[in-house]
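Enquirer: Here is my input; please provide its structure:
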Amino acid sequence: VQLVESGGGSVQPGQSLNLSCTASGFTFSVADMRWFRQAPGKEREVVAQILPRGGVTHYKPSVRGRFTISRNNSKKMVYLQMNDLQFEDSGVYYCSSFTWGNPPTVFWGQGTQVTVSA
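Expert: Numbers count the residues shown, from 1 in each chain. Next comes the predicted model:
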């Protein structure tokens, strides 16, 4: 199983980044996909979620309207378009899959750094 994130970098406030996550080794099309972030000294938090068919999304309130999560099941990829980035958006962004079951199955990527600085 692999989740590989890419697209992180250093930007100024107000700029944009588009993160990508490529999945392999599990049934991507039935998995909820989530983007988490973790800032230094803080707990990891979910910022966006997309259900398997892509029609339902959820966002952390502070990013709603600025971030857009999407997925391509045929390519086994999930994306996070981040616009109007702010200082507080800095952190390591992780792609994660959640597949319902007994027990549920969760996989994590290695993370990609996003730094917003003046």
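
Enquirer: And the strands in this structure?
Expert: Counting by DSSP state E, the chain has strands at residues 2-6, 9-11, 17-24, 32-38, 45-50, 57-59, 67-72, 77-82, 91-99, 105-108, 112-116.

Enquirer: Could I get these in CSV, plus columns for mean pLDDT and mean neighbour count?
Expert: Backbone N, C-alpha and C define where each C-beta goes, glycine included. Below are the strands of the chain laid out as CSV (pLDDT from 0 to 100; neighbours: other Cβ atoms under 10 Å):
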stretch, mean pLDDT, mean neighbour count
strand 2-6, 97, 17
strand 9-11, 98, 14
strand 17-24, 98, 19
strand 32-38, 98, 21
strand 45-50, 98, 19
strand 57-59, 96, 16
strand 67-72, 97, 18
strand 77-82, 98, 22
strand 91-99, 98, 21
strand 105-108, 97, 14
strand 112-116, 98, 18
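
Enquirer: Got the confidence number for the residue sitting furthest away from the middle of the chain?
Expert: Relative to the centre of the chain, the most outlying C-alpha is that of N102, 24.3 Å out, by Cα atoms, centre = their mean. pLDDT recorded at N102 is 95.

Enquirer: How about the contacts made by it?
Expert: Contacts for N102 (Cβ atoms under 8 Å, 6 or more residues apart in numbering) come out as none.
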